[in-house]
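**Student:** here is a sequence with its predicted model. Questions after.
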Amino acid sequence: MFIAILTYKKPLSEVDNYLSAHREYLAKHYAIGDFITSGPQIPRIGGVIMIKANNREAVDAIISEDPFHINDIANYQIVEFTPTMFCNEELKTIL
């Protein structure tokens, strides 16, 4: 399991120019089953994506498709972790 923490490098006006394309990218990876959850940081300085992938190379390949990455809009900090506790046992089945 991975968490991608995005931090915007550009003003929000430029971020917003790529927001629609970024949301299409998110939708594609939700449909494939790569993404578990995502959303903006508060305050809006970036975003967070929880990613289900076998390894860091797979995460890097997924991130390389993000319009925010392609257009140098955000930096990405990737955190790998192993989920061991859950608020609901059913969550284990999607992870």
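**Tutor:** On my side now, so go ahead.

**Student:** make it CA atoms for all contacts and neighbour counts henceforth
**Tutor:** OK.

**Student:** let me see the contact set for residue 54.
**Tutor:** Neighbouring residues of residue 54 by Cα atoms under 8 Å, 6 or more residues apart in numbering: residue 1.

**Student:** what's the answer for residue 69, then?
**Tutor:** 63, 75.

**Student:** where does it sit, in terms of helix or strand?
**Tutor:** Residue 69 is located in helix 67-70, with elements delineated by DSSP states H and E.

**Student:** pull the CA atoms of that helix into PDB?
**Tutor:** Taking Å, rounded to 0.1, in the frame of the first residue of the first chain, the C-alpha atoms of helix 67-70 are listed here in PDB:
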ATOM      1  CA  PRO A  67      -1.200  15.500 -15.800                       C
ATOM      2  CA  PHE A  68       0.100  17.200 -12.600                       C
ATOM      3  CA  HIS A  69       3.300  15.200 -13.000                       C
ATOM      4  CA  ILE A  70       3.600  15.600 -16.800                       C
END
